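In: my questions are about this predicted structure, shown below with the sequence.
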Amino acid sequence: MATGLDALRVLGVTVEDSAQAPGLLPFTVHGRGAVAGGLVEMDASESSQFISGLLLAGARFTAGITVVHDGKPVPSEPHLVMTVEALRDAGVAVDDGDSNTWRVEPGPIHPLDVVVEPDLSNAAAFLAAAMVTGGRVHVPDWPHHTTQAGDGIRDIFDAMGGEVTLTREGLTVTGPDRPHGLDVDLHDVGELTPVVAAVAAFADSPSWLRGVEHLRGHETDRLSALAHEIGAVGGRVEILDDGLHIRPGEFRPATLQTYADHRMGMAAAVLALGTPGVLVEDIATTGKTLPAFADMWESMVGGPDTGSRG
């Protein structure tokens with residue numbers, strides 16, 4: 001969190017953290033009724049959330065905010081598009097004409113009524129169930145036009161051999177007899193990587209998942225965690241500089257860890273669905289973004305006797 005805390009300090013906010021563990025919890029933010037704002041330069045190559053957080057607050061800063069990114073390309077860039085769109089919908093003036101600079105003018109943030117789209121990244125695990133079983137999964141109300149990065153799962157599963165159909169009623173994925181391997185850059189849709197990796201473990205050929213080196217800094221080191229858990233059920237995974245090389249193997253029973261990481265929990269459920277005798281520990285960690293995940297999963301796959309039961 002050091003990148004975000006340092007940016008706040010530049011903008012005039014007093015933040016106290018531990019000298020022994022700077023940039024980590026616990027820390028104290030001292031509110032004074034206003035934030036000066038202005039210009040902040042930062043390296044957000046670890047997460048687009050550093051930029052989004054500042055932009056969402058920037059209109060209430062006395063001088064607004066100008067954020068300049070200086071570093072490798074920002075991951076999950078569609079999330080920044082979502083942030084800018086949400087601000088403009090609320091009447092905030094945002095200039096994002098430069099690919100590495102965002103300017104939010106000071107001013108009011110207007111209330112408005114919105115229809116919240118389904119969380120497409122959370123839906124990916126359920127669609128993956130069709131991919132690893134040759135079954136069919138339908139997600140109602142999938143948007144036809146969206147800035148959500150999770151919408152990328154449609155093209156990914158299509159490339160892996162799924163039959164992907166979007167209608168007014170929603171999105172339907174019918175899985176193939178066996179998924180195809182693929183070589184794909186997931187830099188902009190990094191949150192989909194765990195579920196895509198789980199499906200790739202069942203593919204008929206190797207897969208390369210690239211552009212996701214930033215996943216080392218998420219709730220856990222997701223590249224290392226995926227390599228270990230896919231390996232536990234018999235897959236062979238090489239950790240690359242920016243991703244994973246996954247080669248399917250002979251599957252075997254195992255107990256899969258979830259690392260207190262909701263995306264790892266969802267990926268483990270997919271691995272368990274396609275592998276007899278697999279137990280997923282602490283599936284409740286999926287509650288971070290989908291509290292009903294375990295119940296929804298059991299309902300979808302037909303009862304409580306599945307390997308994904310935690």
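Out: It's in.
In: low-confidence regions, this protein specifically.
Out: Residues of the chain meeting the criterion pLDDT under 70: 303-310.
In: nearest residue to the middle of it?
Out: residue 191 (2.3 Å; CA atoms, centre = their mean).
In: secondary structure class of that one, three-state.
Out: helix (DSSP: H, G, I helix; E, B strand; the rest coil).
In: now residue 83
Out: Put simply, residue 83 is helix when judged by three-state DSSP.
In: domain parsing for the protein?
Out: Domain assignment for the chain by automatic domain parsing gives 2-104, 120-301.
In: circling back to that earlier point, excluding chain neighbours, give the residue nearest to the residue nearest to the centre of the chain in space.
Out: Of all residues not flanking residue 191 in the chain, residue 121 sits nearest, at 4.8 Å (CB to CB, 6 or more residues apart in numbering). For the C-beta atoms, the positions are set from N, CA and C on the backbone; glycine is no exception.
In: what is the burial count for the one you found?
Out: 23 (other CB atoms under 10 Å).
In: now do it against residue 76, distance only.
Out: 10 Å (CB to CB, to the nearest Å).
In: give me the common contacts of the two.
Out: The contact sets of residue 121 and residue 76 overlap at 149, 191 (CB atoms under 8 Å, 6 or more residues apart in numbering).
In: ramachandran coordinates for residue 128?
Out: Backbone torsions for residue 128, taken as degrees, to the nearest 10, come to phi -60, psi -30.
In: right, I mislabeled it, should have said residue 18
Out: Torsion angles, degrees, to the nearest 10, at residue 18: phi -80, psi 140.
In: and the strands in the stretch 201-310 of the chain?
Out: Taking DSSP state E, counting those that start in this stretch as the criterion, the stretch 201-310 of the chain contains strands spanning 207-210, 236-239, 244-247, 255-256, 279-280.
In: pull the distance from the last one to the chain's centre.
Out: Per CA atoms, centre = their mean, to the nearest Å, the displacement of strand 279-280 from the mean C-alpha position of its chain is 22 Å.
In: elements contacting it?
Out: strand 255-256, helix 262-273 (3 or more CB pairs under 8 Å, 6 or more residues apart in numbering; DSSP states H and E).
In: change it to 6 Å
Out: Strand 279-280 sits against helix 262-273, with contacts defined as 3 or more CB pairs under 6 Å, 6 or more residues apart in numbering; DSSP states H and E.
In: residues contacting the helix it packs on, please?
Out: Contact with helix 262-273 is made by 125, 128-129, 132, 194-195, 198, 225, 233, 256, 258, 278, 280, 283, 285-286, 288-289, 297, 307-308, as judged by CB atoms under 6 Å, 6 or more residues apart in numbering.
In: then stretch 277-294?
Out: Contacts of stretch 277-294 (CB under 6 Å, 6+ apart): 122, 253-258, 260, 262, 265-266, 268-269, 272, 307-308, 310.
In: next one: stretch 1-13
Out: 15, 23, 35, 36, 37, 40, 42, 50.
In: alpha carbons only: can I get it in PDB?
Out: Extracted C-alpha coordinates of stretch 1-13, given in PDB (Å, rounded to 0.1, in the frame of the first residue of the first chain):
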ATOM      1  CA  MET A   1       0.000   0.000   0.000                       C
ATOM      2  CA  ALA A   2       3.000   2.300   0.100                       C
ATOM      3  CA  THR A   3       2.300   3.700  -3.400                       C
ATOM      4  CA  GLY A   4      -1.100   5.000  -2.300                       C
ATOM      5  CA  LEU A   5       0.100   6.300   1.100                       C
ATOM      6  CA  ASP A   6       3.000   8.200  -0.400                       C
ATOM      7  CA  ALA A   7       0.600   9.700  -3.000                       C
ATOM      8  CA  LEU A   8      -1.600  11.000  -0.200                       C
ATOM      9  CA  ARG A   9       1.300  12.500   1.600                       C
ATOM     10  CA  VAL A  10       2.300  14.400  -1.600                       C
ATOM     11  CA  LEU A  11      -1.300  15.800  -1.700                       C
ATOM     12  CA  GLY A  12      -1.100  17.200   1.800                       C
ATOM     13  CA  VAL A  13      -2.500  14.300   3.900                       C
END
